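>>> Sharing a model that was predicted from the sequence below.
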Amino acid sequence: MGMTAVEQSESVASRPQSAAGEQRRLAIILNARSGDGAAPKAQLQLEALFRGAGFDVRTTLAKDGDELRRGVEEAIAAKVEGVIAGGGDGTVSSVAGLLAGGSIPLGVIPLGTLNHFAKDLHIPLGLEDAAAVIIAGLKVRVDVGEVNGRVFVNNSSLGLYPYIVRLRQQRPARGPIKWAVAAWATLKALRQNRALAVRLIVDGKALSRGTPVILVGNNEYRMAGFDATARESLTGGHLALYIVKARRRGRLVRLGLKIFLGKAHGADELEMFRVDAATIQSKHRRLSVSRDGEVGTLDAPLEYRIRPADLSVFVPAPDHNPPSSPD
């Protein structure tokens, strides 16, 4: 994805107003729980920034998934010029799932803890800088993944991670304390040494595996050093299916060290497949599945597929070299 591709993208900000002289409209969807209670302040800042740039803005401060969905659906019906998701990866994923397959672009205001999607598109983490990206209006189309009809923008996983998330939910915390809770949940999950017996259909072949973790990425992860959870591209047009073969704690620690040292590819403890689609079967009728950090229960079998260039997203100017294809 060179700069030329991005330069060919259309700029919303440079587009003239309608013949009736109507203002360009944006919808802001803010997770009321993001940013450790900073969402109301972010709302005021964003509304001032976008109105100052000539946009007509309507904000939904969503307290739950139903309010978020209603806000996005109303925005789509109103044919706004963009829907802005303010929150963490879970919020961005929920809004993206409703916009995917359509022409209305997604704007991202990173208000979460990790903000993987924003980072992989080189979207600034500061509120004003992220808003400036949307105002500039450059947009591209990126891939999304899907499991049983539900969209994810980063990854979906089974096994240890959904279990760890559920443990963390038992002890909700904010600020530095949440990292202590996360460490506690991880250690408890590792002590229990849970393994998931599955049958996978990959490239037409059936594979039986016992594994503590399966991760399905929307494109491939670097799996090296501090950038292990980053992706070079969101337009590769494939899923990256990772199967952890290490089941004992010692081997899991060894795998973590190999990932940090950039030696995970080809490691005995890890299998990886690049696929357009995959099926995961289990003896269990329902499975706990994580999508972009949010855990739910889905009916087995799990049907995964890639949806290439299915989501339009506002991105920074070409000098940031965002890993994307033109909208």
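Structure's in. What do you need? Residues are numbered from 1 along each chain as shown.

>>> use CA for all of it now, contacts and neighbours both
Will do.

>>> Now the element after whatever helix or strand Ala27 lives in, going C-ward?
Under the criterion of DSSP states H and E, Ala27 resides in strand 24-31. Using DSSP H and E, the next helix or strand after strand 24-31 towards the C-terminus is helix 39-52.

>>> Tell me the first helix or strand C-terminal of that following helix.
In N-to-C order, the element after helix 39-52 by DSSP H and E is strand 55-62.

>>> circling back to that earlier point, can you give the contact residues for the strand holding Ala27?
Residues from elsewhere that reach strand 24-31, judged by C-alpha atoms under 8 Å, 6 or more residues apart in numbering: 17, 39, 43, 54-64, 68, 71-72, 75, 80-87, 91.

>>> Paired strands for that strand, with orientation please.
strand 55-62 (parallel), strand 82-87 (parallel) (DSSP bridges).

>>> May I see the buried residues of that strand?
Under the neighbour-count criterion of 16 or more other C-alpha atoms under 10 Å, strand 24-31 has Arg24, Arg25, Leu26, Ala27, Ile28, Ile29, Leu30, Asn31 buried.

>>> try stretch 198-208
Val198, Arg199, Leu200, Ile201, Val202.

>>> Show me what the helix or strand where the first one lies is packed up against.
Yep, that's Val198 we're talking about. Val198 belongs to strand 196-202 when assigned by DSSP H and E. When contacts are defined as 3 or more C-alpha pairs under 8 Å, 6 or more residues apart in numbering; DSSP states H and E, strand 196-202 packs onto strand 205-211, strand 277-282.

>>> Leu61 against Ala32, yeah?
Yes. Between Leu61 and Ala32 there is a contact at 5.5 Å, judged by C-alpha atoms under 8 Å.

>>> Quick check: neighbours shared by those two?
By C-alpha under 8 Å, 6+ apart, the residues touching both Leu61 and Ala32 are Ala39, Pro40.

>>> Counting neighbours, go ahead and name the busier of the two.
Higher neighbour count among Leu61 and Ala32: Ala32, with 21 against 18, using other C-alpha atoms under 10 Å.

>>> for this structure, what helix or strand is lowest in average pLDDT?
helix 3-7 (a mean of 33; mean pLDDT, DSSP states H and E).

>>> Using TSV, lay out the helices and strands packed on strand 196-202 together with distance to Asp120.
What follows is the helices and strands packed on strand 196-202, written out as TSV (distance: least, C-alpha to C-alpha, whole Å):
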stretch	distance to Asp120
strand 205-211	28
strand 277-282	22
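
>>> Helix or strand: which one has Gly90?
With DSSP H and E as the test, Gly90 turns up in helix 89-99.

>>> I'd like to know which elements the next helix or strand after that helix is packed against.
Of the helices and strands lying after helix 89-99 in sequence (DSSP H and E), the nearest is strand 106-110. Strand 106-110 sits against strand 82-87, helix 89-99, helix 127-136, strand 302-314, with contacts defined as 3+ C-alpha pairs under 8 Å, 6+ apart.

>>> mind listing what Glu146 touches?
Glu146 sits in contact with Phe152, Glu303, Tyr304, Arg305, Ile306, Arg307, where contact means C-alpha under 8 Å, 6+ apart.

>>> Go again with 7 Å.
Phe152, Tyr304, Arg305, Ile306 (C-alpha atoms under 7 Å, 6 or more residues apart in numbering).

>>> same check, this time on Gly204
Contacts of Gly204 (C-alpha under 7 Å, 6+ apart): none.

>>> re the thing from before, just say which of the strands paired with strand 24-31 is most tucked in.
strand 82-87 (a mean of 26; mean count of other C-alpha atoms under 10 Å).

>>> Next, the angle strand 302-314 makes with that strand.
Inter-element angle recorded for strand 82-87 and strand 302-314: 110 degrees (by axes from the mean of the first three to the mean of the last three C-alpha atoms, to 10 degrees).

>>> measure the closest residue in space to Val80 that isn't next to it in sequence to Arg58 for me?
Closest residue to Val80 apart from its sequence neighbours, by C-alpha to C-alpha, 6 or more residues apart in numbering: Arg25 at 5.0 Å. Distance of Arg25 to Arg58, computed by C-alpha to C-alpha, to the nearest Å: 8 Å.

>>> now Ala27
Counting by C-alpha to C-alpha - Ala27 and Arg58 are separated by 5 Å.

>>> Export the helices and strands packed on strand 106-110 as JSON lines, with columns for distance to Thr211.
Output for those, formatted as JSON lines (distance: least, C-alpha to C-alpha, whole Å):
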{"stretch": "strand 82-87", "distance to Thr211": "32"}
{"stretch": "helix 89-99", "distance to Thr211": "25"}
{"stretch": "helix 127-136", "distance to Thr211": "39"}
{"stretch": "strand 302-314", "distance to Thr211": "16"}
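
>>> tell me the most buried of these?
Comparing those by mean count of other C-alpha under 10 Å gives strand 82-87 as most buried, with a mean of 26.
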